[in-house]
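Novice: here is the input, now give the coordinates:
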Amino acid sequence: MVDLSDLSLLLWAAIPPLLLLGYYYCRVPFAPPLLKLLMFFIIGAISGLLALRLEWVFETVANSFVDWQQIKRWLPGVALRQFVEIGPIEEGCKLAAVVVPTYYLQRKYRLLRSSIFLFTIAVSLGFTAEENWIYFFHGTASVFERTIGTPVHATFSAPWGYALGIYISSNTRLNQDKRFIFRAWLNSVICHALVNVLSSAWGYSLPLRLLSYGLFPFLLWMFWRLEQLLRKVQGKPVITLISDRTIQRRYWQRSLVLFALVLGGNAIFGLFLLVRKISPLSPSKLFDSYILWFIFSRFLLNLFFGVLAWGIYRYLRHSARRRYF
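Specialist: Residues are numbered from 1 along each chain as shown. Predicted coordinates for the structure are as follows:
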């Protein structure tokens, strides 16, 4: 007999990543067949199980040399674990999950850069679905938290997915393209580890907790990078925000980009914290005047910061269009 609770956990784990995969599938012209993307999605979920096993083996071996569990209790130890264990293993498993099936597909088909980039997104989202299920099964994260984090693994893997697409779709495969894949993979490992370190900082006291306020701006920048790379693999021009030729003006525009990321990222972070605070409350409590005012004031404050960040973004885009046209 099927356990309905386990089935609902599986659906909550898989549906958000599948919807995001469908979104990217609809956006890319000449996308590979949907069944192939679903195959990569399933392979990505399997690679997540493999990564979990490899991490267990790594920690078992590490515990024979040092007290690995004790090291993980401090933020520097968390950072060491992320950079040495989690980032390399998880990004390595995802890379293998794209490379191995692609090796067989390229014998029969001429693969486009955009197709390989979509394969990377599909594997990353399958990895996310497996990770969601693990979190839900052990009760260590809510559906809302994992849904918000759905695109994160895809943003991690976007650099090496782009580099792999350039290499495989090229008529002349050069050694420098191979080196580009390794550098892009290393970039993904560093970003992966850094995100996990910033998210872990919230569990510590001040001043380490302040590091967590860099998490959502960094995630927003990585999502922006994913969108830019998606445009490049489709042969579309990237969106230019820093357009001026003078050094002083370019520094000013870079400062505006950074300011917009801080505002926009922490506006999303503020809404995330708001939902976390009110989610344990019963529905009847939500209509108390104090609670309603708290929700309304926090929502307006974060909305104001978000709109301000969007205004800066539109200003920079308008400046770039006016300069080039």
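
Novice: now Ile312. Nearest residue, chain neighbours left out?
Specialist: Spatial nearest neighbour of Ile312, chain neighbours left out: Ala260 (4.1 Å); criterion: Cβ to Cβ, 6 or more residues apart in numbering. From N, CA and C alone the C-beta is placed, and that goes for glycine too.

Novice: which SSE is that neighbour in?
Specialist: helix 247-278 (DSSP states H and E).

Novice: I figured the residue nearest to Ile312 hits Tyr313, correct?
Specialist: Yes. In this structure, Ala260 sits in contact with Tyr313. The criterion is Cβ atoms under 8 Å, and the distance is 5.5 Å.

Novice: show me which of the two is the more surrounded one.
Specialist: Just comparing Ala260 and Tyr313: by other Cβ atoms under 10 Å the higher neighbour count belongs to Ala260, 22 against 19.

Novice: contacts only, for the more buried one.
Specialist: Under the criterion of Cβ atoms under 8 Å, 6 or more residues apart in numbering, the contact partners of Ala260 comprise Ala309, Ile312, Tyr313, Leu316.

Novice: shaky segments in the stretch 101-250 of the chain?
Specialist: Low-confidence segments of the stretch 101-250 of the chain, defined by pLDDT under 70, span residues 172-176.

Novice: quick revisit: okay, buried residues for the helix holding Ala260 please.
Specialist: Buried positions in helix 247-278, judged by neighbour count with 16 or more other Cβ atoms under 10 Å: 253, 256-257, 260-272, 274.

Novice: count of neighbours near Tyr103?
Specialist: Tyr103 is flanked by 10 other residues according to other Cβ under 10 Å.

Novice: what segments of the stretch 1-150 of the chain are helices?
Specialist: Under the criterion DSSP state H, counting those that start in this stretch, the stretch 1-150 of the chain contains helices at 4-27, 34-63, 68-71, 75-81, 87-108, 113-138, 143-148.

Novice: if you could redo that for the stretch 201-325 of the chain, that was the one I meant.
Specialist: Using DSSP H, counting those that start in this stretch, helices in the stretch 201-325 of the chain cover 215-233, 247-278, 289-324.

Novice: how far off centre is the longest one?
Specialist: For helix 289-324, the separation from the chain centroid amounts to 22 Å (computed by Cα atoms, centre = their mean, to the nearest Å).

Novice: over to the second one?
Specialist: Counting by Cα atoms, centre = their mean, helix 247-278 is centred 17 Å from the centre of its parent chain.

Novice: between it and helix 215-233, how big is the angle?
Specialist: What separates the directions of helix 247-278 and helix 215-233 is an angle of 120 degrees, with axes from the mean of the first three to the mean of the last three Cα atoms, to 10 degrees.

Novice: give me the distance between the closest residue to Leu9 other than its chain neighbours and Thr128.
Specialist: Nearest-residue entry for Leu9: Phe136, 4.4 Å, with adjacent residues in sequence omitted and distances by Cβ to Cβ, 6+ apart. Spatial separation of Phe136 from Thr128 under the definition Cβ to Cβ, to the nearest Å is 12 Å.

Novice: repeat for Pro283
Specialist: Computed with Cβ to Cβ, the distance linking Pro283 and Thr128 is 30 Å.

Novice: those two: which is more packed in?
Specialist: Neighbour count, other Cβ under 10 Å: between Pro283 and Thr128, Thr128 has more, with 27 against 6.

Novice: do I have it right that that one meets Thr155?
Specialist: No. The pair Thr128 and Thr155 does not pass the contact test of Cβ under 8 Å, sitting 10.8 Å apart.

Novice: rewinding a little: to Trp160, which of the helices of the stretch 1-150 of the chain lies closest?
Specialist: Each of the helices of the stretch 1-150 of the chain was scored for nearness to Trp160 using Cβ to Cβ, and the closest is helix 87-108 (6.0 Å).

Novice: nearest spatial neighbour of Phe305, chain-adjacent residues omitted?
Specialist: Sequence neighbours aside, Ala267 is the residue nearest to Phe305 in space, at 4.0 Å (criterion: Cβ to Cβ, 6+ apart).

Novice: what do you get for Tyr24?
Specialist: Leaving aside its sequence neighbours, Tyr24 is closest to Ile121 (5.4 Å, by Cβ to Cβ, 6+ apart).

Novice: tell me the contacts of that neighbour?
Specialist: Shown in contact with Ile121 (Cβ under 8 Å, 6+ apart): Leu21, Tyr24, Ala154, Ser157, Ala158, Gly161.

Novice: ok, so of those residues, who is nearest Ile116?
Specialist: Among the contacts of Ile121, Gly161 lies closest to Ile116 (Cβ to Cβ), at 6.8 Å.

Novice: alright, that wraps it up for me.
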